[in-house]
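*Asks:* sequence first, then the predicted structure:
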Amino acid sequence: MLSRLASHRLWLRPTAALYRVASATAARRRFATSIPETVQGLQSALEAKTGDVTVVASSPNMLKVRSKGLSPSIGQLVSLSEGTKGVVVHFDSSVATVLLLKHDTPVSTGTRVQFDNLGAFQAVRLPFVPIIDRIPVSRRIRTGLGLVDALSPIAEGQSIAIRGPSTASSIYMALALNKIVSNAIREDITVVYCNPLGPAPASIADLPSEGLDLICGDQSSPAVGYLALLKSLEVAKERREGGRTMLILDNVAEYAELNGQLRSEAGIPMPLSTEQIVSAAM
């Protein structure tokens, strides 16, 4: 279009003007051929600009990252030049908030950041069954604890919250969980156990691995515990489609305090709070 307009008006312009028009037309053609014409080409052009993404503020568990020309997604994995990795939990037009997963080397302002360009994680969504179509509960799950089974039996499909007294030893709670988990495995129930604050108790970790999924976090990294809770919901959802499943979230009340630390550092609400995660499990 531009070349046709230029050729129609050549007779109106002097020689110097003709040279400028020809040069401008050639430059436009070179620019047009350099523009990515496919989505894949555009993605490659964005990946080439990852050097413009830098850290502008940092805290023990959070980073503020300024991205020029990039559109990060919530849940996107981030790699830093020191080998540290993180997950995008919030972003606006120019600054993304990154949750650090593991950082042996302190991250400072000016660190280069690279996104994985894989997009956001897919949300775990279960089909909603209308109440009129639901099957009444006719079976109960035996915990192996005689007092619980006699006074407060747990029905299949029921959700319960257990909070031990402040004077109770963690050893006794671990033994009770061991009894519940081992009894569920004997009844062909798949158990998904999650402890966001550290490894599973030895009494549970020593159980047969068949029928038991252990998803554990790290007490020194609230970010890992946050992702461990989300991962346990995803694994339980997959196991639920294959048969009877029991999901156990341990130390959730204690972890809620650490999750509050993440909210204060980020200065924004997390995509999912501890209360929302527990509500989804219940």
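*Replies:* On my side now, so go ahead.

*Asks:* okay, domains of the chain per the record?
*Replies:* According to automatic domain parsing, the chain comprises the domains 2-35, 49-115, 131-281.

*Asks:* by mean pLDDT, show me the worst of those.
*Replies:* Sorting those by mean pLDDT places domain 2-35 lowest, at a mean of 39.

*Asks:* V87 belongs to a strand?
*Replies:* Yes - V87 forms part of a strand when assessed by DSSP: H, G, I helix; E, B strand; the rest coil.

*Asks:* contact partners for it?
*Replies:* G75, Q76, L77, V78, V98, L99, L101, A223, L227 (C-beta atoms under 8 Å, 6 or more residues apart in numbering). Backbone N, C-alpha and C define where each C-beta goes, glycine included.

*Asks:* let's go with 7 Å and repeat that
*Replies:* Listed by C-beta atoms under 7 Å, 6 or more residues apart in numbering, the contact set of V87 reads G75, L77, V78, V98, L99, L101.

*Asks:* could you do I141 as well?
*Replies:* I154, E156, A184.

*Asks:* hang on, the last one packs against T245?
*Replies:* No - A184 is beyond contact range of T245, at 9.4 Å (criterion: C-beta atoms under 7 Å).

*Asks:* ok, these two, which is more surrounded?
*Replies:* Each of A184 and T245 has its neighbours counted (other C-beta atoms under 10 Å); A184 has more, 22 against 19.

*Asks:* return the residues in contact with the more buried one.
*Replies:* A184 neighbours (C-beta under 7 Å, 6+ apart): I141, V191, M246.

*Asks:* how about 6 Å then?
*Replies:* Counting by C-beta atoms under 6 Å, 6 or more residues apart in numbering, A184 touches V191, M246.

*Asks:* tell me which helix or strand it sits in.
*Replies:* helix 170-186 (DSSP states H and E).

*Asks:* that helix: which residues count as buried?
*Replies:* Of the residues in helix 170-186, M173, A174, A176, L177, N178, I180, V181, S182, N183, A184, I185 count as buried by neighbour count, 16 or more other C-beta atoms under 10 Å.

*Asks:* ok, which stretches of the stretch 51-200 of the chain are strands?
*Replies:* With DSSP state E, counting those that start in this stretch, the ranges of strands along the stretch 51-200 of the chain come out as 54-58, 62-66, 77-80, 85-91, 95-102, 113-115, 140-141, 154-155, 190-195.

*Asks:* now render the ones you listed as TSV, adding distance to G217.
*Replies:* Shown next, in TSV, are the strands of the stretch 51-200 of the chain (distance: least, C-beta to C-beta, whole Å):
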stretch	distance to G217
strand 54-58	22
strand 62-66	17
strand 77-80	18
strand 85-91	14
strand 95-102	11
strand 113-115	24
strand 140-141	26
strand 154-155	26
strand 190-195	7
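
*Asks:* closest to M270 out of these?
*Replies:* Closest approach to M270 among the strands of the stretch 51-200 of the chain (C-beta to C-beta): strand 85-91, 6.1 Å.

*Asks:* how about the closest one: buried residues?
*Replies:* Quick answer for strand 85-91 (16+ other C-beta under 10 Å): G86, V87, V88, V89, H90, F91.

*Asks:* now the angle from it to strand 62-66?
*Replies:* On the basis of axes from the mean of the first three to the mean of the last three C-alpha atoms, to 10 degrees, strand 85-91 is oriented at 70 degrees to strand 62-66.

*Asks:* so which bits of stretch 222-234 are buried?
*Replies:* For stretch 222-234, burial by neighbour count (16+ other C-beta under 10 Å) applies to P222, A223, V224, G225, Y226, L227, A228, L229, L230, K231, S232, L233.
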